[in-house]
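Undergrad: show me how the following folds:
(2 chains)
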There are 2 protein chains.
Amino acid sequence: MRLSRYFLPILKENPREAEIVSHRLMLRAGMIRQQGAGSFSWLPLGKRVLDKVCRIIREEQDRSGALEIMMPTIQSADLWRESGRYDAYGKEMLRIKDRHERDMLYGPTNEEMVTDIFRAYVKSYKDLPLNLYHIQWKFRDEVRPRFGVMRSREFLMKDAYSFDLDYEGAKAAYYRMFVAYLRTFTRMGLQAIPMRADTGPIGGDLSHEFIILADTGESQVYCHKDYLGFEVPGEDVDFANDGEIAGIVEKWTTPYAATDEMHDETAWAAIAESEQVSARGIEVGHIFHFGEKYSKPMDAKVTGPDGKEHFVSMGSYGIGPSRLIAAIIEASHDENGIIWPESVAPFHVALINMKPGDAGCDALCEQLLAAYENAGKEVLYDDTDQRPGAKFATADLIGLPWQVIVGPRGVAEGTVEVKNRRTGERDVKKIEDLLAMVEKAA
Amino acid sequence: MRLSRYFLPILKENPREAEIVSHRLMLRAGMIRQQGAGSFSWLPLGKRVLDKVCRIIREEQDRSGALEIMMPTIQSADLWRESGRYDAYGKEMLRIKDRHERDMLYGPTNEEMVTDIFRAYVKSYKDLPLNLYHIQWKFRDEVRPRFGVMRSREFLMKDAYSFDLDYEGAKAAYYRMFVAYLRTFTRMGLQAIPMRADTGPIGGDLSHEFIILADTGESQVYCHKDYLGFEVPGEDVDFANDGEIAGIVEKWTTPYAATDEMHDETAWAAIAESEQVSARGIEVGHIFHFGEKYSKPMDAKVTGPDGKEHFVSMGSYGIGPSRLIAAIIEASHDENGIIWPESVAPFHVALINMKPGDAGCDALCEQLLAAYENAGKEVLYDDTDQRPGAKFATADLIGLPWQVIVGPRGVAEGTVEVKNRRTGERDVKKIEDLLAMVEKAA
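TA: Numbering: from 1, shown residues only, chains lettered A, B, ... in the order given. From the prediction side, this is the model:
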């Protein structure tokens, strides 16, 4: 992509309304534009990151056996009356009347609707397990939306819902999502630690928040140092093997880990001080087993192997992709801007032409652009007539993993400079070496 | 994908509420579920088609130089007051009050919001041309939604908006979209004919509807037979070459073509009867140049090369992917079900195991499944214990382009049967020949 034909409205000033670094950087890098209280447009650079994050989420949901659907944003109030939540939900629910004065609402979540889909079609335990997810916009009318896409009113959410015959089946489904979440966050360059969450009146221990550590995190969290060394299961993990999956979950739930809310001073004190990690954290996912909470009032049941009818045991599993992007930035930036993990970077390479119009620089840039694109790498080619200083600042701000800098002196010497955004390391490379390297990566 | 682990709720009966064939077949094939008046969930099979349709739209928008963004569904009423449309729009607009009693609305379209984005950042003609699009859910509160996803209240729409310095620039932008639309529909296996549409008070001739011919179409259309033989521009079409693009548009707008609304009996009578095509049609896209209609009231202007300020000249370009899927089915089905064009088929191959549990059938199916997936082909493997007749009926109903049928007799003879869904042609193939063919396609 040529920057001269792109839409990248960089802000030079720090926007006053932004209280946290991710909000500030997303505005400055031209990723988002605020359209109203807690409402954002995703501009081209932001949209690319959102797509990459969603693709990883989707791949890992699919791998674990979940199936993607798409439910509408607007729901009928009747469904929520069935579950009893229409009155219980409070003012965060955006309530709407249509032209026929029917009560509708903008879905803040989808337990009721997905249970309605389930009960319409599934009648036998033979069709279980089933896990349906979608990635759809939600609306929660927060009193005071803030922190940009970290706490907005309209936000994207991946919500999955599992249906099983009994508790044992539901637990296995829960464990599969647990492992899928570990893989999802790792692939985005994040270290996410599962921490037990409050199960409230449901009880049991099947509720975990996935927390990433970031100095600017919203809450205090506590965990054992062991977590920092744990290996995340690879692509070859067998989701059909309940024993293997349970083993992974056991490993990842054994050492101490708790949010402020669930913190237990006695258990904490029993850990050697050198093994304690007390840090700031950001919640990036939440999984929750709630059993028959919706299946019972909504009459979602299947015939079991015993010939009797059973209310299905359910769980829900959420990740907010829009919020997650802010969390990635909170965990990965420096004073010059964002530092994208390779897997979610909007482009892989910033190709910087120091002197557009110079025949040698132009030709080499075109050659490199073609070579990278041939190799399946995405390039943002800065072919504008900005000064080099401004180009470097933009490249640092938008945080692409690699900067390839082409100037007249290098062209004369047959070299280009390659900068790693994360380490800041600069490397002068012979043109033919760089081209060979790119080709090899194809 | 194994059907035993998939969620494909086939309906055996024709749903009474479905008045048109696409609605009936989408419900019967387990693609969608109605959630309320004009509101649908997309089940796994439907979601796959929706994704494929959106991918093609996106690729052709990108190829033509448009840039993807994502605007929120909920908009502030204030923007619409600026353009004067808040009062003008009528009851189709879903109006909402948030918890602070602020007037909001569910976007039926996005001219105002995208103009607001534009005016916030773009100040000079040097940053033009610009075309921003998004694929987002819209809501229009139709009095009487019907025909399934063909005329629903919540629907997906790709809407693009072009910004140019003057009419000439806007016309070139319009032409690029015109050509992108030709390519988009062709890639989905559709023959779409551009027909002049009413420009109302805006005037001029830059408004076209893209109409596909289908016996069950909603309206009467008239065109010259020449259109049926026109070739659609290939991937190598150069969108940077205004002359080339204008030439294509000229070719595609010269012969007579009109919807009922714009039909001119005199011009029609001048065409030899043998060259007249009078048929039913379905609108699948609409492009429209509206000049300064929004830029003027919303004060969206840029500095021109003359140093003066100019209101930008705009156009908008819509395709409804959800509606489009219904149109594809209207144009491509038979009495047994849907017949998907290869490019938007939810899977490429229905692999039918006639006797699951038979070691030979199972082993061969696994081998074929692996071979196809290795070759990048998507397979729905019917490994269920349904009877063969039911399996064939399902395969015909969901309309995958190819059926590969594995039975014990064939296994003994070293053959499988391959059926082309569109032609109905059946072919007995040696297993090694089929495997070699699949491998070659990889």
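
Undergrad: near chain B, which residues of the stretch 51-200 of chain A show up?
TA: Applying CB under 8 Å from any CB of the partner chain, one finds that the stretch 51-200 of chain A approaches chain B through A:65, A:67-76, A:91-92, A:94, A:96, A:98-99, A:104, A:106, A:113, A:116-117, A:120-122, A:130, A:132, A:137, A:139, A:141, A:143, A:153-154. Using the backbone N, CA and C atoms, a C-beta is placed for each residue, glycine as well.

Undergrad: quick one, phi psi at residue A:116?
TA: phi -60, psi -40 (degrees, to the nearest 10).

Undergrad: ChimeraX command for the buried members of the residues of the stretch 51-200 of chain A next to chain B?
TA: A single ChimeraX command selects the buried members of these (16 or more other CB atoms under 10 Å in any protein chain shown):
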select /A:65,67,68,69,70,71,72,73,74,75,76,94,96,98,104,106,113,116,117,121,122,130,132,137,139,141,153,154
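
Undergrad: quick one: residues contacting the residue of the stretch 101-250 of chain A at minimum distance from chain B.
TA: Closest residue of the stretch 101-250 of chain A to chain B, CB to the nearest CB: residue A:121 (3.8 Å). For residue A:121, the contacting residues are B:7, B:9, B:30, by CB atoms under 8 Å, 6 or more residues apart in numbering or on different chains.

Undergrad: average pLDDT for the biggest strand by length in chain A?
TA: Determined from DSSP state E, the single longest strand within chain A is strand A:276-291. Mean per-residue pLDDT for strand A:276-291: 95.

Undergrad: how far does it sit from its chain's centre?
TA: Its chain's C-alpha centre and that of strand A:276-291 lie 14 Å apart, by CA atoms, centre = their mean, to the nearest Å.

Undergrad: what residues sit buried inside that strand?
TA: Buried residues in strand A:276-291 (16+ other CB under 10 Å): A:277, A:279-291.

Undergrad: quick revisit: and the contacts of residue A:121 near chain A, which?
TA: Among the contacts of residue A:121, the residues that sit close to chain A (CB under 8 Å from any CB) are B:7, B:9, B:30.

Undergrad: ranking by neighbours, what's the top pick from those?
TA: residue B:30 (21 neighbours; other CB atoms under 10 Å in any protein chain shown).

Undergrad: part of a strand, is it?
TA: No. Using DSSP: H, G, I helix; E, B strand; the rest coil, the assignment for residue B:30 is coil, not a strand.

Undergrad: quick one: it and residue B:42 touch, right?
TA: No. The pair residue B:30 / residue B:42 is not scored as a contact, 10.6 Å apart, by CB atoms under 8 Å.

Undergrad: list the contacts for the nearest residue to residue A:226 once chain neighbours are set aside?
TA: Closest residue in space to residue A:226, ignoring its immediate chain neighbours: residue A:255 at 4.6 Å, by CB to CB, 6 or more residues apart in numbering or on different chains. Residue A:255 makes contacts with A:223, A:224, A:226, A:227, as judged by CB under 8 Å, 6+ apart.

Undergrad: repeat for residue A:38
TA: Residue A:38 touches A:142, A:145, A:146, A:151, A:152, A:153, A:154, counting by CB under 8 Å, 6+ apart.

Undergrad: got it, and residue A:170?
TA: A:162, A:164, A:206, A:289, A:291, A:313, A:314, A:315.

Undergrad: hang on, the first one in a strand?
TA: Translated: residue A:162. Yes. When three-state DSSP is applied, residue A:162 is found to be in a strand.

Undergrad: how many residues are close by it?
TA: For residue A:162, the count of nearby residues is 28 (other CB under 10 Å).

Undergrad: how close does it get to residue A:248?
TA: As judged by CB to CB, to the nearest Å, residue A:162 and residue A:248 stand 17 Å apart.

Undergrad: please apply the same query to the fourth one.
TA: Between residue A:289 and residue A:248 the distance is 17 Å, computed by CB to CB.

Undergrad: and stretch A:299-319, how far apart are its ends?
TA: Counting by CA to CA, to the nearest Å, you get 27 Å between the two ends of stretch A:299-319.

Undergrad: show me where the stretch 301-442 of chain A has strands.
TA: A:301-303, A:309-311, A:313-319, A:333-334, A:337-338, A:349-353, A:379-382, A:402-406, A:415-420, A:426-430 (DSSP state E, counting those that start in this stretch).

Undergrad: same deal with the stretch 151-300 of chain A?
TA: Secondary structure of the stretch 151-300 of chain A (DSSP E, counting those that start in this stretch): strands located at A:154-164, A:192-196, A:207-213, A:219-224, A:257-259, A:276-291.

Undergrad: wait, which of these is closest to residue A:381?
TA: Proximity to residue A:381 (CB to CB) singles out strand A:154-164 among the strands of the stretch 151-300 of chain A, at 29.1 Å.

Undergrad: centre of the chain to that closest one, how far?
TA: Relative to its chain's centre, strand A:154-164 lies at 13 Å (CA atoms, centre = their mean).

Undergrad: repeat that for stretch A:191-201.
TA: Per CA atoms, centre = their mean, the centroid offset for stretch A:191-201 relative to its chain is 17 Å.

Undergrad: got the contact list for it?
TA: Under CB under 8 Å, 6+ apart, the answer for stretch A:191-201 is A:178, A:181-182, A:185-186, A:205-213, A:221, A:223, A:227-228, A:252-253, A:257-259, A:261-262, A:281, A:284-286, A:288-289.

Undergrad: quick one: end-to-end length of it, please.
TA: Rule used - CA to CA; the end-to-end distance of stretch A:191-201 is 30 Å.

Undergrad: in it, what's buried?
TA: Neighbour counts over stretch A:191-201 (16+ other CB under 10 Å) mark A:192, A:193, A:194, A:195, A:196, A:197 as buried.

Undergrad: what of stretch A:17-31?
TA: Counting neighbours by 16+ other CB under 10 Å, stretch A:17-31 gives A:18, A:20-31 as buried.

Undergrad: likewise stretch A:254-263?
TA: Neighbour-count burial for stretch A:254-263, counted by 16+ other CB under 10 Å, picks out A:256, A:257, A:258, A:259.

Undergrad: I'd like those residues laid out as a markdown table, including distance to chain B.
TA: Shown next, in a markdown table, are those (distance: CB to the nearest CB, whole Å):
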| residue | distance to chain B |
| --- | --- |
| A:256 | 37 |
| A:257 | 33 |
| A:258 | 33 |
| A:259 | 28 |
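
Undergrad: from the residues you listed, which single one is nearest residue B:433?
TA: residue A:257 (56.8 Å).

Undergrad: how about that closest one: what's its closest non-neighbour residue?
TA: residue A:223 (4.0 Å).

Undergrad: okay, and the residue nearest to residue A:184 when sequence neighbours are not counted sits in which element?
TA: Once flanking residues are discounted, residue A:184 sits nearest to residue A:60: 4.4 Å by CB to CB, 6+ apart. Element membership for residue A:60, per DSSP states H and E: helix A:44-63.

Undergrad: helices and strands around that helix, which ones?
TA: If contacts are counted by 3 or more CB pairs under 8 Å, 6 or more residues apart in numbering or on different chains; DSSP states H and E, helix A:44-63 sits against strand A:67-68, strand A:130-139, strand A:154-164, helix A:167-187, helix A:321-331, strand B:67-68.

Undergrad: cutoff 7 Å now
TA: Applying 3 or more CB pairs under 7 Å, 6 or more residues apart in numbering or on different chains; DSSP states H and E, one finds that helix A:44-63 contacts strand A:130-139, helix A:167-187, helix A:321-331, strand B:67-68.

Undergrad: any chance of those in JSON lines, plus mean pLDDT and distance to residue A:405?
TA: Below are these laid out as JSON lines (pLDDT from 0 to 100; distance: least, CB to CB, whole Å):
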{"stretch": "strand A:130-139", "mean pLDDT": "98", "distance to residue A:405": "37"}
{"stretch": "helix A:167-187", "mean pLDDT": "98", "distance to residue A:405": "29"}
{"stretch": "helix A:321-331", "mean pLDDT": "96", "distance to residue A:405": "24"}
{"stretch": "strand B:67-68", "mean pLDDT": "98", "distance to residue A:405": "25"}
